[in-house]
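Asks: what's the 3D shape of this:
(one chain, ligands or ions: 1)
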Amino acid sequence: VKRRRLTPTQKAGIIARQVNCCGCGCGGDLEGQAVEFDHMLPLALGGADTPENMQALLPDHHRIKTRDDVRRIRKADRQRRYHETGKSHQHRTRPIQSRGFDTTFKRKMNGEVVRAD
Ligand SMILES: [Zn+2]
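Replies: Sure, this is the predicted structure:
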């Protein structure tokens, strides 16, 4: 996904919208801090790459937010995969190689062991 850079005016606008407070809700003052900008709804979850979807965060709080986002994105991926395949886990495309156990006999559904054809 192509991310647009915020202009200084857009950054100032976002900070002003948050009344100089960290966007995470901690109430931390952004004044004089190394502010980082974050997509409130991550792009990977369909968020828009617009100033309206951006928030200014203190760097430490941005890291926490990003960690949570990654978790949400992974969860969304799992849910999408489950929806598409009915499988909750990704399976190997090839079965694990057998260690050469005896295939002369096979067990039928009723538990009876018969000689394989
Ligand atoms: Zn914060």
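
Asks: Please enumerate the strands of this protein.
Replies: All strands of the chain, identified by DSSP state E, fall at 36-39, 54-57, 105-107, 113-115.

Asks: Can you say which of these is nearest to the ion?
Replies: strand 54-57 (5.9 Å; C-beta to the ion). No exception for glycine: its C-beta is placed from N, CA and C like everyone else's.

Asks: And for that closest one, what's in contact with it?
Replies: Here strand 54-57 makes contact (C-beta atoms under 8 Å, 6 or more residues apart in numbering) with 6, 10-11, 14-15, 18, 22-24, 30, 35-40, 65.

Asks: now do 7 Å
Replies: 6, 14-15, 18, 22-24, 30, 35-40, 65 (C-beta atoms under 7 Å, 6 or more residues apart in numbering).

Asks: export the strands of the chain to TSV and tack on mean pLDDT?
Replies: What follows is the strands of the chain, written out as TSV (pLDDT from 0 to 100):
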stretch	mean pLDDT
strand 36-39	96
strand 54-57	97
strand 105-107	76
strand 113-115	79
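
Asks: Pull out the buried positions in the one helix or strand in the chain whose mean pLDDT sits lowest.
Replies: One helix or strand of the chain scores below all others by mean pLDDT, DSSP states H and E: strand 105-107, with a mean of 76. Using 16 or more other C-beta atoms under 10 Å as the burial criterion, none of the residues of strand 105-107 qualify.

Asks: roughly how far apart are Asp77 and Asp60?
Replies: 26 Å (C-beta to C-beta, to the nearest Å).

Asks: What residues does this protein have near the ion?
Replies: Residues of the chain found near the ion (C-beta under 5 Å from the ion) are 22, 24, 26, 28, 58, 61.

Asks: And the longest helix seen in the chain, what does it pack against?
Replies: Selection of the longest helix in the chain by residue count, based on DSSP state H, yields helix 59-85. Packed against helix 59-85 by the contact rule (3 or more C-beta pairs under 7 Å, 6 or more residues apart in numbering; DSSP states H and E) you find strand 36-39.
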